[in-house]
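# sequence and computational prediction follow.
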Amino acid sequence: MRHCYASRVLICAYLLGCAMLTSTARAADVILIAPDERPDFAAAIQQGIEQAKQQLAAQGTTINLTVRHADTPGDRNSLAQLIDSVSPENCDGLMLSALDSKALRDAVNAASSRGIKLVMLDVGVCCDGPVSRVASANRQAGWLAARCLAESLGGSADIRLHSWVPRPRVGRDEQQAHPHAGVAPQNDSGGALMLRNQIDSMSAEEREEGFLEMMLSSYPGITLVATDFHNGPSRQSARRICGNLLTMHEGKVAGICATTQETTLGALDALREKGLAGGKVKLVGVNEGGSELAQAMAAGDLIGYVELDGRAIGCQGLLSLAAALNDKTVEPLIRTDVALITPQGVMPPPAQGPHHDSPPAATRPTTRLSEGDFVIPDLNLIMKAIPAGSFMMGATDPQNLRGDEQPQHKVTLSAFWLGQCEVTQAQWRAVMGNNPSAFVGDDLPVESISWEDAMAFCQKLNQREAAAGRLPQGLHYTLPTEAQWEYAARAGTTSSYVGDPQQTIWYSATSGQIDPTDGQWHMSPHPVASKLPNAWGLYDMQGNVLERCFDCYAEYSSADQVDPQGPPDGKYRSLRGGGWWADLTSCATHARHRGPSQRAHSAVGMRLALSPL
């Protein structure tokens, strides 16, 4: 640690942007790496920094601020390189603000290990050593959005997720006693959509959890038509996804909640294009700065929006790091206030969240090994024999929500083996010697792994089993192809869902649990094989964690295919199965997902395949 009179601080702010430092020195050099994707929020945070600079100046500390930008907007590698360039020799502290900072875990951990004091802004990340995290009260933002939307629609007598899955009715006495219970409408024809940002946006994920938490427990009767659609970071992608959802659920959508500003603006564009703005479909969103949403609300196109306080985040972030650099006690987590802005005025967040009942604990069923199954004894990893055959891959017209699940085409596959369960953390640790998972438990599926991580697991397992003389000749362990995955998930059927989803799928409506430490409802992965299997004895093919496939992502062709492997290269790798965080639609047997091969996420795991070389 350099002497405080020579202190300098480098602050990296990717999607949220900010800068900070303080000491007893007369001047401190601060570099602000500002985001390009969210200029309104970045400007608000910078205003907060200026406020903190004035407070520090009154205490005798001057901040010299230099604003810098990443070489390529949205490039995580550029941001990681900037973090890697920070050392105790060129700065004393680091402030990182990034919407999807999960992708930066390794770089942030490395910076902390070099002795750099770190403050995170508006997001959490599974990393070591931050002296403080400054974040919006994102869960309360979700509560507010849910209350605003639900009370504009009214409530009725039961909750149905995605129009398919009935939920238990709330008793009349309980409903009347609940302070947020809605008024029952005359019919149950309307429903709500919930849109969030890209899959690794932790802030949007927290808002989503708060929204679902309030909706599922406090507003019986509001049909959640679709939730957890990751529209990407742009207004344009949000407009496209929202437009597709409105087309698929035509006449059924009465309200929409969006969890980021860009998503809100994209949803607004979609409503205007379809002639559904002006209150025909209720829209509540999130404002991160600027005036566009306020103007839209004045025109009657929004019923309200949750206002995030970027100024408070920037100000508190700089003051927290300044205190840490002077060896003062700093709060490890600081939440800044949010408020709901409506035409009628400002609604503060509720003092406490909704109440939830824990779902009954599931029992783990046992399965007898069938002839042809292959077992790795010391891992207790069972490979189920999947017969050769043909099937129609892809969605029919009414199912084709995302637009990339058609055309249906005939696929013929050779016999192969597929893991009966998702790879568990105990199995991963036995092979790799580590556990990258965010949710820890031996029987839980391993997650937070990239495509490269999954293939490294397969390679080590092949080497290990070959050395033990257990690797069948001409076969190797690998990830299933997208065609193998869908064929096995369908298990000889043509259905989108195999069995009763309540009994077979861990998804957003079934994966919630009460955390005894805070009494709140949290979604999370569950032990493998704790739901019923499909007809071929495979567990969790739908839900629990999103499963990696071998293929590079590509659009479908109508041509018949035999043992397709996907294109030789591409920007994204395919993912299948939905997960604990997803809505039911995302877990359908035909539903397709994609993501960069190097990106890890707590919703993404793997299932092993044993296939011909």
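Cool, got the structure.
# ok, the residue nearest to Pro564 when sequence neighbours are not counted to Arg490 distance?
Leaving aside its chain neighbours, Pro564 sits nearest to Ala483 (5.1 Å; criterion: CB to CB, 6 or more residues apart in numbering). For the C-beta atoms, the positions are set from N, CA and C on the backbone; glycine is no exception. Note on Ala483: its distance to Arg490, by CB to CB, to the nearest Å, is 11 Å.
# which one's more surrounded, the two?
Just comparing Ala483 and Arg490: by other CB atoms under 10 Å the higher neighbour count belongs to Ala483, 24 against 21.
# the nearest residue to Ser450 once chain neighbours are set aside: how many residues sit nearby?
Nearest residue to Ser450 in three dimensions, chain neighbours excluded: Ala600, at 4.7 Å (CB to CB, 6+ apart). Ala600: 24 surrounding residues under other CB under 10 Å.
# dihedrals phi and psi, Lys117?
For Lys117, the backbone dihedrals (degrees, to the nearest 10) come out as phi -80, psi 130.
# next, the contact list for it, please.
Going by CB atoms under 8 Å, 6 or more residues apart in numbering, Lys117 touches Asp92, Gly93, Leu94, Val131, Leu321, Ala324, Leu325.
# so which of the residues you listed wins on neighbours?
Leu321 (30 neighbours).
# can you tell me the SS state at that residue?
Classification of Leu321 using DSSP: H, G, I helix; E, B strand; the rest coil returns helix.
# how far away is it from Tyr572?
For Leu321, the distance to Tyr572 equals 36 Å [CB to CB].
# so what does the host helix or strand of Ala204 touch, helix or strand wise?
Using DSSP states H and E, the element containing Ala204 is helix 202-218. In terms of contacts (3 or more CB pairs under 8 Å, 6 or more residues apart in numbering; DSSP states H and E), helix 202-218 is packed against helix 138-153, strand 191-196, strand 223-230, strand 512-515, strand 520-523.
# least confident of these, on average?
Note on these: strand 223-230 shows the lowest mean pLDDT, a mean of 65.
# next secondary structure after that one?
helix 235-248.
# send me that next one as PDB with only the CA atoms.
Output in PDB follows, covering the C-alpha atoms of helix 235-248 (Å, rounded to 0.1, in the frame of the first residue of the first chain):
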ATOM      1  CA  ARG A 235     -33.800  -1.400 -27.300                       C
ATOM      2  CA  GLN A 236     -34.000  -3.000 -30.800                       C
ATOM      3  CA  SER A 237     -33.800  -6.600 -29.500                       C
ATOM      4  CA  ALA A 238     -36.300  -5.900 -26.700                       C
ATOM      5  CA  ARG A 239     -38.700  -4.500 -29.400                       C
ATOM      6  CA  ARG A 240     -38.400  -7.700 -31.400                       C
ATOM      7  CA  ILE A 241     -38.800 -10.100 -28.500                       C
ATOM      8  CA  CYS A 242     -41.700  -8.200 -27.100                       C
ATOM      9  CA  GLY A 243     -43.400  -8.000 -30.500                       C
ATOM     10  CA  ASN A 244     -43.000 -11.800 -30.900                       C
ATOM     11  CA  LEU A 245     -44.600 -12.400 -27.500                       C
ATOM     12  CA  LEU A 246     -47.500 -10.100 -28.300                       C
ATOM     13  CA  THR A 247     -48.100 -11.900 -31.500                       C
ATOM     14  CA  MET A 248     -47.900 -15.400 -29.900                       C
END
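# distance from that helix to the middle of the chain?
18 Å (CA atoms, centre = their mean, to the nearest Å).
# CA-only coordinates of the next helix or strand after it in CSV, if you can.
Next along the chain after helix 235-248, taking DSSP H and E as the criterion, comes strand 253-258. Written as CSV, here are the backbone C-alpha positions of strand 253-258 (Å, rounded to 0.1, in the frame of the first residue of the first chain):
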residue,chain,number,x,y,z
VAL,A,253,-51.6,-9.8,-22.7
ALA,A,254,-53.0,-7.0,-20.5
GLY,A,255,-49.8,-5.8,-19.0
ILE,A,256,-46.0,-5.8,-19.3
CYS,A,257,-43.2,-5.3,-16.8
ALA,A,258,-39.7,-4.5,-18.1
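# what sits up against strand 253-258?
Strand 253-258 is contacted from outside by 145-146, 149, 152-153, 189-196, 211, 225, 238, 242, 245-246, 264, 266-267, 271, 281-286, using CB under 8 Å, 6+ apart.
# any of those buried? List them.
The neighbour-count test (16 or more other CB atoms under 10 Å) marks 145-146, 149, 152-153, 190-196, 211, 225, 238, 242, 245-246, 264, 266-267, 271, 281-286 as buried among the contacts of strand 253-258.
# quick one on the thing from earlier: hmm, the residue nearest to Pro564 is touching Val562, no?
No - between Ala483 and Val562 there is no contact under CB atoms under 8 Å: 9.7 Å.
# check contacts around Leu340.
Counted by CB under 8 Å, 6+ apart, Leu340 has contacts Leu144, Ala145, Arg147, Cys148, Gly304, Tyr305, Val306, Glu307, Val346, Met347, Pro348, Pro349.
# give me that answer again for 6 Å
Leu144, Cys148, Gly304, Val306, Met347 (CB atoms under 6 Å, 6 or more residues apart in numbering).
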